[in-house]
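Q: Build me a model:
(3 chains)
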Amino acid sequence: MIIEIWTKKKYSANEETAFLGRLGRAGLKAGAARLSRLYRVDSALGRAEVEKLASGLLADPITENYSLVPGKTGFGGGWRVEVWLKDSVTDVVGESVKEAITGVLGKDPGAVRFGHAYYVACDSAVKLKHAVSKTLVNEIVNKFGIEKI
Amino acid sequence: MKKPKAMILRGTATNCDIETFNSFKYVGAAPELVHINQLLAGERRVLDYDIMAFPGGFSYGDDISAGKIYAVKMRALAADFEAFVRDKRPVIGICNGFQILVKTGLLPENKANAQVSTLYTNDCGHFLAKWVKVKINKKSPCIFTKGLPDEIDLPIAHGEGKFIVEDAKVMRSLIKRDLHAMTYSDNPNGSMLDIAGITNPAGTCFGLMPHPERNFFAWQNPDRPAAAREALAAGCQFFRNAVEYAV
Amino acid sequence: MSPTLLNFTGLGEKELAELDAACGWSLNIPELKEVQRYFKKAGRQPARGELETIAQTWSEHCKHKTFSGPVSFLNGKKTRKYRNLFKETIVKATRTLNKKWCLSVFTDNAGIVEFGSGGKWGLAFKAETHNHPCAVEPYGGAETGVGGVIRDILGVGLGAKPVLNTDNFCFGRLDDKRELPRNSHPPERIMRGVVEGVRDYGNRIGIPTASGGIYFDDGYLLNPLVYVGCAGLIPTDKIEKKVHPGDRIVSIGGRTGRDGIHGATFSSANIDEETSASAVQIGHAVNEKKALDALMRARDQGLYNAVTDCGAGGFSSAIGELGSKTGARVRLERALLKDTRIEPWEIWVSESQERMILSVPKAKLKRLEAVLKSESCEYCVLGEFPGDGRLVVTHGKEKVVDLPMSFLHGGVPNFEKPAVRRKVRISSGPPAAHAGYGLILKELLAHPNVCSRHSVITQYDHEVQGGTAIKPLQGRYGDGPGDATVICPRAATLDQDDYAGFAVTHGFGPGVGKIDPYQMALHSVDEAVRNLLCVGAEVSRTAILDNFCAASPRDPEVMGDLVLAAEGCHDAAMAYGAPFISGKDSFYNQAKDADGREYPIPISLLISATAPVPDVRKALTMNFKEPGNALYLAGLSRRGMGGSVYNDMSFSGNNLVSPLDMKAAVKLYAALLKAMRAGCVAAAHDVSQGGLGVTLAEMAFAGGFGARLDLAGAAAEKGLTRLELLFGESPARLVLEVIKEKETEFLRLVKGLPVTEIGYVSEDPVLDAAFGPERLFCEDINALKDRWKRELL
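A: Purely as a prediction, here's the structure:
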């Protein structure tokens, strides 16, 4: 199960501007963007438990929204880039979150992986892919996918 | 006179525990480093102390968000912490400690598990360590800032220091009661209303992003006029006030 | 077991080479044959784990075969032979100087010198490089580099408490537009990743990153250099460590996984496209902090007899090193694993980060476990040190290694490497200026090797622990570039009545090294000592570290550079009375460019230096303090623009490197330190990159004051041009602001030395420089600052 967390619109201008700047330096002019964090929990937790994790641990109640279904950030017309560490690379944030989840639920949630999703409005998936590999990911340690939304 | 017992509460990667310990010791407290594991195991009890300090650092790596995992760990002891604050025993949270107090809800209204404000990623998007000037709100009930001049130098060192209150009514109420004990003269992180530190209505529980323990002695200041090097600096007063209040 | 291994002793040279390549050992043929010889004699075939252990132990990274090996150096017509280059240069200087304040040199994970008065504390200092991992994955490479050098400090003696991190980087020029080979990252991306890695690891673990530098040069385009250092405090009665037979082997900190298989051999080989994912890792600062906190508590309670870090080679190196006298019995099935899909030999050589190995008396194991649990620090008991001198490693019933320590640590064959002096043409005619001096000054201030580093420095928590007395950014606005950092390590000593501190700084000059590696070493040591002097440190007690980075040692010219620089290190250490206490080297810093040509780095020697500051309250900063105070230039300005930033910007036609007069420098510095101690000096700043003009500009805008200057009186070599005086980088010079009321005393203390008045600090914010009747430039200090204060990131 993947929990997706993103900054509410009224607080997200800075991170989006910085992100667009980063893509710009990698040669991609994009119109709009949104960023979110992803937590993949590998065990079969109940919906109530996941809800509890999302609201009580993983998302900031003041500044962030969350969804238990990926891609529901409300960003329309563009691409969604999902980035993870390769399975062979130790995910230290994932390890730390796993420990915290164990504390909250009182049971081991199995493996936890931490990733990012980037939503980008631009015309070319080819150019986007190029910019992503130049600035967002290092293909030696990361894996990523791009989908149209 | 009996020295007030100050609990310097630490956990994994609470990095500023020793200098906070040293600061309390210097002004006459009897500080003790206590790991949250010791509280959770019942080896130490919150209510056995006179002062409580949440030092700066990167508790649990600040993974998820700054202070979050630590705040969640504290939930099991929420009643004790609330009782400590209700009892008007001094509590100070510095930097990561402030983030923890806000994320538990102990600040500003002493409601553990009811967060009304947050400290979010700096506008610049990353960690920032520099010296800033902060203004002291003289009308604030805060006991830690008593006797300080109108404006002082303190260093900041944080990635998530942007103070946000979502509900405008809550914010108005904070300001009306002068709970914003300290504001930035030149806002380094985008905090609402330039807020750098917040107190509870009693003035006894206080959190701030800048590091008073790093401007405790004049030799810690980057601008070193030869004459002033021997002296104590503004940051010392925060700790002295806590000790004086506690005895 | 693979069929090749079953017939290992019967393999021919070609098959051996193929096997080596397939396994990624980086052993050469004579080494492989030596291994064959051993197993033939033993009358059996090796296990994979044994060959892996030998490859790790004999790697360049662990054994330093090049630097510690024999060299034949052809210098013009003369040949000089070295049996062990390192011992006959750097170590020799330390042995000859034989300073009693050196408590531990070259034997442990870091060097240790006395700290403070009273003999209670030692200061451990170490610097490392993590170049290859940073080229491949800058963020993870930098993180694990920082984590690694911190573990060196945790693993010195019975463990020192880290109180300072240092970082020095070399990148390609950010404006370089050349096409890069596949899998290479552009310099901007490498810099960003490296800075973020150092930031995230250092900040999370709570050690101030407060001293360092960034150097840009074409030569580092494909091979960035990332030097990371750490200093820590250790009680003098915790420096001795000794494994006792019967002690348990305890691993604490991180778990073991498949990551970092072959790090040691990887860092000894050229980077190519086949570099595998397992060679790079992301750091886990929080795990290391748990180990740090637990270790310090266990140390103070005396719960173990020895400790060392798991670095390159993982368990195999760490346990092998600790058990080199006693032998070791290891049961790998007891290791805590990240992942169960791992071969036993992989557990043995895995370089998973954040692990330390302790040698624990059986009777203290329970107490140690209690400390570890209270800090949430994971651990496992892997076996014991038996005392029979054999290394026996098993996994359940499987035998992974069974070798005598004597072969592992003494068996590596070594061969003489040829070295030759590189030919460089020197033009020593008078240099030409390309523009007016004011314009040149502005351009120099904006040069990437001179401009402000604030956008990097402010991302590091350089004040955590509360002891950073002299900061990397200082002055009236907290943004002036300091010469050295001063730490008052009360977070380690807990003594709030003690104002003792230590200063740390660096010297680095590959620009000079391209012309004259010998002078580069002298200049770098001088720059470091001078920087220490600028903050008022006790320079007669300077201790230094050498970190060499070079291209392939198979190139005789690269070896020639190394020999000359090492000789320079020896001579400088002797002249300054500054022993080397620890050092490290990194070779094969070269890669193929997009056209398939070899692209080597220039010889790069980082000198890290430390000296005591008896009272941190009296330490000096570099900014102008008060209008009316006199300004003095100390040191003789000499001819030559070689290696200067000016020449990099626009070649002056002169590439002469000013030779350093070390005897004169030592005499000068001793007198200046006396003047500082007498309270005569308000500010001091060294003349280095960009020359005197840049030094004065930085002092001015960091203090918010201008200066009226007449440089005609400056002590100068005959024939010195204005350009050389203003922007030349001849060594052993600094600018001092002298307190008005103390000027007579100052002059008495520097009598007979090349110290001359060049002007005074003025209220109006203008830097106004003349040479007798000739006006050189007149610039507004805020305009100069604007040019200098660039955002590098």
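
Q: Next up, identify which helix or strand C:L174 is on.
A: Assigned by DSSP states H and E, C:L174 falls within no helix or strand.

Q: Surely it touches C:C451?
A: No. Contact between C:L174 and C:C451 fails when scored by CB atoms under 8 Å: they sit 11.3 Å apart. No exception for glycine: its C-beta is placed from N, CA and C like everyone else's.

Q: Need the residues touching each of these two.
A: Both C:L174 and C:C451 are contacted by C:L792, under the criterion CB atoms under 8 Å, 6 or more residues apart in numbering or on different chains.

Q: So if I had to pick from those two, which one is more boxed in?
A: Neighbours per residue (other CB atoms under 10 Å in any protein chain shown) separate C:L174 from C:C451, with C:C451 holding more: 20 against 14.

Q: Return the set of residues that bridge with the residue nearest in space to the middle of chain B.
A: Closest residue to the average C-alpha location of chain B: B:G93 at 2.4 Å, with CA atoms, centre = their mean. Applying DSSP bridges to B:G93 yields these beta-bridge partners: B:F54, B:G207.

Q: so it makes contact with B:K103?
A: No. Checked against CB under 8 Å, the pair B:G93 and B:K103 is beyond contact range at 10.2 Å.

Q: How about chain B: which residue is closest to chain C?
A: For chain B, the residue closest to chain C is B:N15, as judged by CB to the nearest CB, at 2.5 Å.

Q: That residue: what's it in contact with?
A: By CB under 8 Å, 6+ apart, the residues touching B:N15 are B:P55, B:G56, B:G57, B:F58, C:I205, C:G206, C:K289, C:V464, C:Q465.

Q: Close to chain B: what parts of chain A are there?
A: Chain A has residues A:11, A:14-15, A:18, A:56-58, A:60-63, A:92-93, A:96-97, A:99-100, A:103-104 near chain B, with proximity defined as CB under 8 Å from any CB of the partner chain.

Q: which of the residues you listed count as buried?
A: A:11, A:14-15, A:57-58, A:60, A:62-63, A:92-93, A:96-97, A:99-100, A:104 (16 or more other CB atoms under 10 Å in any protein chain shown).

Q: Just the ones of those in strands?
A: The members of those all map outside strands under DSSP state E.

Q: Nearest spatial neighbour of A:G27, chain-adjacent residues omitted?
A: A:A131 (6.1 Å; CB to CB, 6 or more residues apart in numbering or on different chains).

Q: Look up phi and psi at the one you found.
A: Here is the backbone geometry of A:A131 (degrees, to the nearest 10): phi -60, psi -40.

Q: What is the burial count for the residue nearest to C:L734 when sequence neighbours are not counted?
A: Excluding its sequence neighbours, the residue lying closest to C:L734 (CB to CB, 6+ apart) is C:D686, at 4.8 Å. Per other CB under 10 Å, the neighbour tally for C:D686 reads 27.

Q: okay, C:D686: pLDDT?
A: If you check C:D686, the pLDDT there is 98.

Q: go on, the one 3 residues further on?
A: Reading off the confidence values, C:Q689 has pLDDT 97.

Q: what's the answer for C:V113, then?
A: At C:V113, pLDDT is 98.

Q: Which helix or strand contains C:V149?
A: Per DSSP H and E, C:V149 falls inside helix C:138-154.

Q: And chain B, is the helix or strand just after that helix touching that?
A: Once helix C:138-154 ends, the next helix or strand along the chain (criterion: DSSP H and E) is strand C:161-171. No. Applying CB under 8 Å from any CB, one finds strand C:161-171 separated from chain B by no less than 9.4 Å.

Q: all strands for the chain, in order.
A: You didn't pick a chain, so chain A it is. Counting by DSSP E, the strands of chain A are A:2-7, A:32-41, A:64-67, A:79-85, A:112-121, A:142-148.

Q: switch to chain B, that's the one I care about
A: B:5-10, B:30-35, B:51-54, B:91-94, B:117-120, B:128-136, B:151-158, B:162-165, B:182-184, B:195-199, B:205-208.

Q: what's the pLDDT at the most far-flung residue of chain A relative to its centre?
A: What lies farthest from the middle of chain A is A:G106; by CA atoms, centre = their mean that is 25.4 Å. With respect to pLDDT, A:G106 scores 87.

Q: B:A228 now?
A: With respect to pLDDT, B:A228 has a value of 62.

Q: swap in the one 10 residues further on?
A: At B:F238, the predicted lDDT confidence score is 98.

Q: Also C:G596?
A: Value listed for C:G596 in the pLDDT field: 87.
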